[in-house]
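>>> My questions are about this predicted structure, shown below with the sequence.
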Amino acid sequence: MTASVITVPAFGSAHDGVSHFFGTRHHAPAYQTGVPVPNSEVRDRAWTLSVKQVHGTDALIVDRPVTNADRFEGGWDALITDQPGVTVVVRTADCVPVLIYDRRRRAVASVHAGWRGALAGIVSRTIELMASRFAIAPSDLRVSIGPSAGPCCYEVDDAVLEPLRRSRQDWPSLVRDDRAGKAQLDLKALVRRQTSEIGIPPDQITVVNVCTICHPALFYSYRREGRVNGTMLNGITLLGRR
């Protein structure tokens, strides 16, 4: 952990051909959504791309070089690229950031998984899209799940619990203190199980077990603050070959 971002050496490094970060409230570059931002300060990181997020399951695929004339006007909650030097970024403030890379086929993805997206299978859909577009085998992927609201603090009601119960037979193990239409949801555990179920070996999945609600000095939290005071940026870059 640095002063401003969190990285996971066991997940990926320059040696693996990627650079990645999970941001904190102390890491706040000003990126306009949908507009590529040139980044000449960091070697091999030529562009940074952040898009409008809509709590859905669609992914934007960037499979050609990015230019400063490009505009990405739609809404997506995952970004996939095979282009070296393009940092794909998602914003979170309690939702789960998920970073994915394939060292063999050289592709990466950044995913924003709130409860709606997670229940709709956004991580699985993103991996399936990577597999179909870039001939990736899920068993070759590495995944890192970043800081998010934890089961210690993340209370949800029947609007979340009912679709969870309908979609997952194992739902009781994903909640705590289930009572009178409310429970504490382990959203990160749900995302991890979905990732394993699509064929990624458990030892290729890393998790940053830090709750964004519990740590106000380190993270913004929509649930704790009651409004969007800021968001964390989470990104991954496919580095150029050396």
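Nice, thanks for sending it over.

>>> which intervals of the chain have sub-threshold pLDDT?
Within the chain, the stretches with pLDDT under 70 are 1-3, 40-45, 241-242.

>>> swap the cut-off to 90 and go again
1-3, 13-16, 28-32, 38-46, 67-68, 103, 177-181, 226-229, 240-242 (pLDDT under 90).

>>> Next up, phi/psi of the residue lying farthest from the centre of it, please.
Most distant residue from the mean C-alpha position of the chain: Ala180, 31.3 Å away (Cα atoms, centre = their mean). Ala180 adopts backbone torsions of phi 40, psi 50, taken as degrees, to the nearest 10.

>>> mind listing what Gln53 touches?
Gly75, Trp76, Asp77, Val90, Arg91, His112 (Cβ atoms under 8 Å, 6 or more residues apart in numbering). No exception for glycine: its C-beta is placed from N, CA and C like everyone else's.

>>> Pull the contacting residues for the first one.
This points to Gly75. So Gly75 contacts Val51, Lys52, Gln53, Val54, Gly56, Asp58 (Cβ under 8 Å, 6+ apart).

>>> For ChimeraX, write the selection for the buried entries among those residues.
Here is the ChimeraX command that selects only those of the contacts of Gly75 that count as buried (16 or more other Cβ atoms under 10 Å):
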select :51,53,56
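
>>> ok, so of the contacts of Gly75, who is nearest Pro172?
Gly56 (27.3 Å; Cβ to Cβ).

>>> Would you mind measuring from that closest one to Cys95?
Gly56 is 12 Å from Cys95, where distance means Cβ to Cβ, to the nearest Å.

>>> any common contacting residues for these two?
The contact sets of Gly56 and Cys95 overlap at Gly117 (Cβ under 8 Å, 6+ apart).

>>> quick one: Leu161 and Arg179 touch, right?
No: using Cβ atoms under 8 Å, Leu161 is not in contact with Arg179; the gap is 10.8 Å.

>>> Kindly present the contacts of Gln53 as CSV, with separate columns for distance to Ala120 and secondary structure.
Below are the contacts of Gln53 laid out as CSV (distance: Cβ to Cβ, whole Å; DSSP: H, G, I helix; E, B strand; the rest coil):
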residue, distance to Ala120, secondary structure
Gly75, 14, strand
Trp76, 14, coil
Asp77, 10, coil
Val90, 16, strand
Arg91, 19, strand
His112, 12, strand
